[in-house]
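> with the input below, show me the fold.
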Amino acid sequence: MSPLSIVNRFITAIEAKNISGAVELASPHISYENMPIAPIVGRDALAATLQAFLGAAEAVEWRIVSEWEIDRTVINERIDRFQIGTGWLELPVAGVFVVDDDDRISLWRDYFDMNSYTSQLSKLTAAS
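Numbering: from 1, shown residues only. Below you'll find the model as predicted:
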């Protein structure tokens with residue numbers, strides 16, 4: 001399977017809030033780096049982090065704007081959407097995924113504006 005198809009399966013699992021399915025596609029030593037937050041390392045930590053991020057969302061949609069596969073690296077530009085109550089948090093994200101020789105995601109790094117995330121989340125949770 002190509003790195004691009006692995007990353008797209010990973011995103012499909014996240015959109016379905018299928019945390020175990022997403023984690024299954026990760027290396028046991030994955031480093032998940034939400035810039036500028038400290039890295040999350042390992043499958044258990046990844047599962048806990050995904051549960052925290054996805055748990056409050058009633059629906060999750062990650063719209064891929066563009067994506068590239070370069071050797072074993074996938075880069076995508078996305079709009080990550082999370083339905084919270086009756087509103088949507090929408091976050092532009094640039095993601096970098098490295099897929100190892102075992103066809104597992106060993107690095108996942110997302111770049112986004114933390115202020116945009118926290119301000120939208122604050123408004124949506126105050127409205128619920």
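
> which outside residues touch stretch 82-91?
The contact list for stretch 82-91 (CB atoms under 8 Å, 6 or more residues apart in numbering) reads 53-54, 56-60, 79-81, 112-113, 116-117, 120-121, 123-125, 127-128. For glycine as for every other residue, the C-beta is placed from the backbone atoms N, C-alpha and C.

> how about it: buried residues?
Buried residues in stretch 82-91, defined by neighbour count with 16 or more other CB atoms under 10 Å: F82, I84, W88, L89, L91.

> if I look at the first one, how far off is E33?
F82 is 19 Å from E33, where distance means CB to CB, to the nearest Å.

> where does this structure have low pLDDT?
Across the chain, the ranges flagged by pLDDT under 70 are 127-128.

> what about 50?
The chain contains no residues with pLDDT under 50.

> which residues of it fall in strands?
Ranges of strands in the chain, per DSSP state E, are 26-35, 40-41, 59-70, 73-84, 87-99, 105-111.

> same list, those, but as a markdown table with distance to F10 please.
Below are those laid out as a markdown table (distance: least, CB to CB, whole Å):
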| stretch | distance to F10 |
| --- | --- |
| strand 26-35 | 8 |
| strand 40-41 | 15 |
| strand 59-70 | 10 |
| strand 73-84 | 9 |
| strand 87-99 | 8 |
| strand 105-111 | 6 |
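
> closest one to A16 among those strands?
In terms of CB to CB, the element of these nearest to A16 is strand 59-70, at 7.9 Å.
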